[in-house]
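Enquirer: Based on what follows, work out the 3D shape:
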Amino acid sequence: MKKGCKYGTHRVIEPLGVLPQPAKKISNDMELYSNEILIDVIALNIDSASFTQIEEEAHGDVEKIKAKILEIVGEKGKMQNPVTGSGGMLIGTIEKIGEDLVGVTPLKVGDKIATLVSLSLTPLKIEEITAIHPEIDRVEIKGKAILFESGIYAVLPEDMPENLALAALDVAGAPAQIAKLVKPCQSVAILGSAGKSGMLCAYEAVKRVGPTGNVIGVVRNEKEKALLERVSSKVKVVIADATKPIDVLNAVLAANDGKEVDVAVNCVNVANTEMSTILPVKDYGIAYFFSMATGFTKAALGAEGVGKDITMIVGNGYTHDHAAITLEELRESAVLREIFNELYL
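Expert: All right, here's what the predicted structure looks like:
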């Protein structure tokens, strides 16, 4: 077996010299390098911003969605939406382990895992798309994928259904970052807080701010409000359009005694919500953009334009122990688990 770069640069076809994620095309030849792992793929969880864009382009036609996904993977060797730049993650079983990783990785052939690295850098070959589930952004396939030596993953837990675990692991970076960023007594606003990542963030934020803090959930409508109120009675839920920054600002201020918040979190899956995240944050506060629909140029120039001296954090989907933190939320909260079972199984 040949040995490749631990970060996967040996798979890059175009342009040479870059890492697999920003590459336009990578090799999805499933011939294994000695420091790679071959996965028999069961399903893809497409990033919410990416799936939303593809679904809108296809006008909801499932066959057109399938065709677009096959087109992207055929051209790029990976599932990376050319509009949003984002990917998602997958579940599958370990089919083969490169000889250099045998005895090094705790994985063994037959283990069922969720990859915690983006599909936007994962070599992927799809033989057939067997089902599309638009309501949960999931694509069932027959296919193979490669996990690089540096790739992170989670073995699916035995104490919950795999689809439930997958739904949470898909957005594990968000609530785990909240666990790091949010402090007792703080005020936190979460945009898109009735979505998958938003509900987990709201639950974690309530834990972190404690009894003297304030968590504000921004949702689109009464249906989402009712859903978020089930997650925690301690969340102040407000209805506002996240693409209208002044409306969001006014709603958040009204829910926070007229004060700007310490932390704002963007979990929205549509574009043009940057300023709705930035405006409610007080000087020296934090804006955390988990959404892959974020335009970071818009965020940087927008904050400058309104004179906001805040820390803006790119939505890194990884932080230490993010899988463990997120799965523990589902174990702790019977209500969260019930909602996720209703929505994502």
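Enquirer: Just the C-alphas of stretch 307-314, formatted as CSV.
Expert: Written as CSV, here are the backbone C-alpha positions of stretch 307-314 (Å, rounded to 0.1, in the frame of the first residue of the first chain):
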residue,chain,number,x,y,z
GLY,A,307,-19.2,50.4,14.7
LYS,A,308,-19.4,47.1,16.6
ASP,A,309,-16.3,46.0,18.4
ILE,A,310,-17.2,42.4,18.9
THR,A,311,-15.5,39.0,18.6
MET,A,312,-16.9,37.1,15.6
ILE,A,313,-16.3,33.3,15.5
VAL,A,314,-16.4,31.2,12.4
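Enquirer: list the buried ones in it?
Expert: 308, 310, 312 (16 or more other Cβ atoms under 10 Å). Glycine gets a C-beta too; all of them are placed from N, C-alpha and C.
Enquirer: Next step: those residues restricted to strands.
Expert: Using DSSP state E, the members of those that fall in strands are residue 312.
Enquirer: any idea which of the buried residues of stretch 307-314 is closest to residue 258?
Expert: For the buried residues of stretch 307-314, the minimum distance to residue 258 (Cβ to Cβ) is 17.6 Å, reached by residue 308.
Enquirer: Hmm, that closest one is touching residue 281, no?
Expert: Yes. Using Cβ atoms under 8 Å, residue 308 makes contact with residue 281 at a distance of 6.7 Å.
Enquirer: re earlier: export the buried residues of stretch 307-314 to a markdown table and tack on distance to residue 329 and pLDDT?
Expert: Putting the buried residues of stretch 307-314 into a markdown table (distance: Cβ to Cβ, whole Å; pLDDT from 0 to 100) gives the following:
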| residue | distance to residue 329 | pLDDT |
| --- | --- | --- |
| 308 | 31 | 97 |
| 310 | 27 | 98 |
| 312 | 25 | 96 |
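Enquirer: List the buried residues of the helix or strand of the chain with the lowest mean pLDDT.
Expert: Least confident element among the helices and strands of the chain, by mean pLDDT, DSSP states H and E: helix 162-169 (a mean of 87). Residues 162-169 are the ones in helix 162-169 that count as buried (16+ other Cβ under 10 Å).
Enquirer: what about the stretch 1-150 of the chain, any weak spots by pLDDT?
Expert: For the stretch 1-150 of the chain, applying pLDDT under 70 flags no range at all.
Enquirer: would you list every one of the helices in the protein?
Expert: Taking DSSP state H, the helices of the chain run over residues 48-57, 62-76, 162-169, 173-181, 196-209, 222-231, 245-255, 274-278, 296-305, 322-332, 334-344.
Enquirer: What lies in contact with the last one?
Expert: Residues outside helix 334-344 that contact it (Cβ atoms under 8 Å, 6 or more residues apart in numbering) are 135-136, 160-161, 163-164, 166-168, 196, 199-200, 203, 227, 230-231, 329-331.
Enquirer: Which phi and psi values does the closest residue to residue 212 other than its chain neighbours adopt?
Expert: Leaving aside its chain neighbours, residue 212 sits nearest to residue 185 (4.8 Å; criterion: Cβ to Cβ, 6 or more residues apart in numbering). Taking degrees, to the nearest 10, you get phi 80, psi 0 for the backbone angles of residue 185.
Enquirer: what do you get for residue 279?
Expert: phi -60, psi -40.
Enquirer: what's around it, how many residues?
Expert: 21 (other Cβ atoms under 10 Å).
Enquirer: begin at 19 from here
Expert: Let's use 19 as the start, then, which means that last one is residue 297.
Enquirer: quick one: it and residue 324 touch, right?
Expert: Yes. Counting by Cβ under 8 Å, residue 297 sits close enough to residue 324 to count as a contact (6.7 Å).
Enquirer: What distance do you get for residue 306 to residue 27?
Expert: To residue 27, residue 306 is 30 Å away according to Cβ to Cβ, to the nearest Å.
Enquirer: Settle it for me: which of the two has more neighbours?
Expert: Taking other Cβ under 10 Å, residue 306 and residue 27 do not tie; residue 306 has more neighbours (27 against 16).
Enquirer: Quick check, residue 290 in contact with residue 263.
Expert: No. If you go by Cβ under 8 Å, residue 290 and residue 263 don't touch, sitting 9.1 Å apart.
Enquirer: ok now stretch 267-286, how far from the chain's centre?
Expert: 22 Å (Cα atoms, centre = their mean, to the nearest Å).
Enquirer: Now do it, average pLDDT.
Expert: Averaged across stretch 267-286, pLDDT comes to 98.
Enquirer: Also stretch 231-251?
Expert: Rounded mean pLDDT across stretch 231-251 is 97.
Enquirer: With only the CA atoms kept, save it in CSV.
Expert: The C-alpha trace of stretch 231-251 is given here as CSV (Å, rounded to 0.1, in the frame of the first residue of the first chain):
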residue,chain,number,x,y,z
GLY,A,231,-28.9,34.6,33.0
ASN,A,232,-31.2,35.1,30.0
VAL,A,233,-31.6,33.0,26.9
ILE,A,234,-33.6,34.4,24.0
GLY,A,235,-34.7,32.2,21.1
VAL,A,236,-35.5,33.9,17.8
VAL,A,237,-37.9,31.9,15.7
ARG,A,238,-39.9,32.5,12.5
ASN,A,239,-43.5,31.7,13.5
GLU,A,240,-45.9,30.4,16.2
LYS,A,241,-45.3,26.8,15.3
GLU,A,242,-41.6,27.2,15.9
LYS,A,243,-42.3,29.1,19.1
ALA,A,244,-44.4,26.3,20.5
LEU,A,245,-41.6,23.8,19.6
LEU,A,246,-38.9,25.8,21.4
GLU,A,247,-41.1,26.4,24.4
ARG,A,248,-41.1,22.6,24.8
VAL,A,249,-37.3,22.5,25.0
SER,A,250,-37.2,24.8,28.0
SER,A,251,-39.6,27.1,29.8
